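1. A predicted structure for the sequence below; I have some questions about it.
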Amino acid sequence: MKMDEDLAAVHAYLCADGYVVKNPETQKQKYYRLGLRSTNEFLLRDFQERFERYFGIKPRLVLGQRSEIGSREIYERLTKEFGSFYSWEWKMPKLDKELSKIWLRAYFDCEGWVTCKSHQNRHIGAECVNEEGLNQVKNALKDLEIESSIKKRSTRNIFSLQIYGKENIVRFSEKIGFLSHKKLEKLKEALDDFVVYDWIFPEKKEELAKFIKNLMRSKGRIKRDNGIIRLISKKEENLLRLQKELNRLFEIDSKVNSRINGLGTVYFELSINKQSQVKYLIDKNFISDGEKEKWKILPLRR
């Protein structure tokens, strides 16, 4: 079978959320089915169109469920060429870099996700029971200068591939990307979150007070367990300046400490602990409505 962009994408879809199956030999009536399961209309249509272009036959489409076709001929061609497509047995074919990008895009569109916890955890990931196949994905990413790591889940026999770091995520965006709109938006959110801004504090008192209020509303978070208000930043100087102005303008006391997240990344946190001052800031609308809801349900003395 001659490999092209359509077959590369179809192959990846079948390895990820697809199936290439026939009924057990013990059954008299034979069937052969190939398809992609997905709730995403764009992925189903992409699979359908690419399959038709390559094999000359159009799978039926059930929106929100699958795109499927029954064909013994295509089943035998695919399995003879590529072997099994079962979750724990599939193998990534040998591809040049351009076709590898197409394969990886389809694979991550099905199996991948993007996490963006602001300034703490931004990564692209995928999980699979097939360690060998996932290692092939890792090597294909490395050929595109995208570094990744694989770890086994401690509670399940499943392996997780993760891509961390601004440079790696930028390269993934530029060279692979997503067809899924939701994943594209999440990828953009993660990339935007890498931009580090110095907080520019206005000089005039009235403008400064407004700036601090808007900053608190956008970045202030209330901890669910104790009602402390906290803000985080990668730059300590941002929080030290905020600490100074909160005290000068509003007589609000706060602490600034360094923290280390689970990935070993250092960041800084400003915390306001006094409940009377937390209540003052809430009453004066320094905290967003969503954070106020947390405060309402906290079992604390006001």
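-> Yep, it's here.
2. and the helix or strand harbouring residue 68, which residues are buried?
-> Using DSSP states H and E, residue 68 maps to strand 66-70. Neighbour-count burial for strand 66-70, counted by 16 or more other CB atoms under 10 Å, picks out 66, 67, 68, 69. Bear in mind the C-beta positions are built from the backbone N, C-alpha and C, glycine included.
3. now for that strand, which elements pack on it?
-> Counting contacts by 3 or more CB pairs under 8 Å, 6 or more residues apart in numbering; DSSP states H and E, strand 66-70 is packed against strand 32-37, helix 41-55, strand 60-62.
4. what is the mean pLDDT for stretch 287-302?
-> Averaged across stretch 287-302, the pLDDT comes to 69.
5. Stretch 34-44 too?
-> 96.
6. Mind listing what's buried along it?
-> Buried, per 16+ other CB under 10 Å, within stretch 34-44: 34, 35, 36, 37, 38, 40, 43, 44.
7. The last one: what's it in contact with?
-> I take that to be residue 44. 36, 38, 61, 63, 66, 67 (CB atoms under 8 Å, 6 or more residues apart in numbering).
8. Find the nearest non-adjacent residue to it, please.
-> residue 67 (4.6 Å; CB to CB, 6 or more residues apart in numbering).
9. picking that back up, got a list of contacts for the strand holding residue 68?
-> Counting by CB under 8 Å, 6+ apart, 31-38, 44-45, 47-48, 51, 57-62 sit against strand 66-70.
10. domain assignment for this protein?
-> 1-90, 93-195, 205-297 (automatic domain parsing).
11. I'd like the distance from the first one to the chain centre, please.
-> Right, domain 1-90. Relative to the centre of its chain, domain 1-90 is centred 26 Å away, using CA atoms, centre = their mean, to the nearest Å.
12. List phi and psi for residue 4.
-> Dihedral angles of residue 4 (phi, psi; degrees, to the nearest 10) stand at phi -140, psi -170.
13. if we look at the lowest-mean-pLDDT helix or strand in the chain, which residues are touching it?
-> In the chain, no helix or strand scores lower on mean pLDDT, DSSP states H and E than helix 289-297, which sits at a mean of 75. With CB under 8 Å, 6+ apart as the test, helix 289-297 has contacts from 220, 221, 222, 224, 227, 278, 282, 287.
14. Thanks a lot, catch you later.
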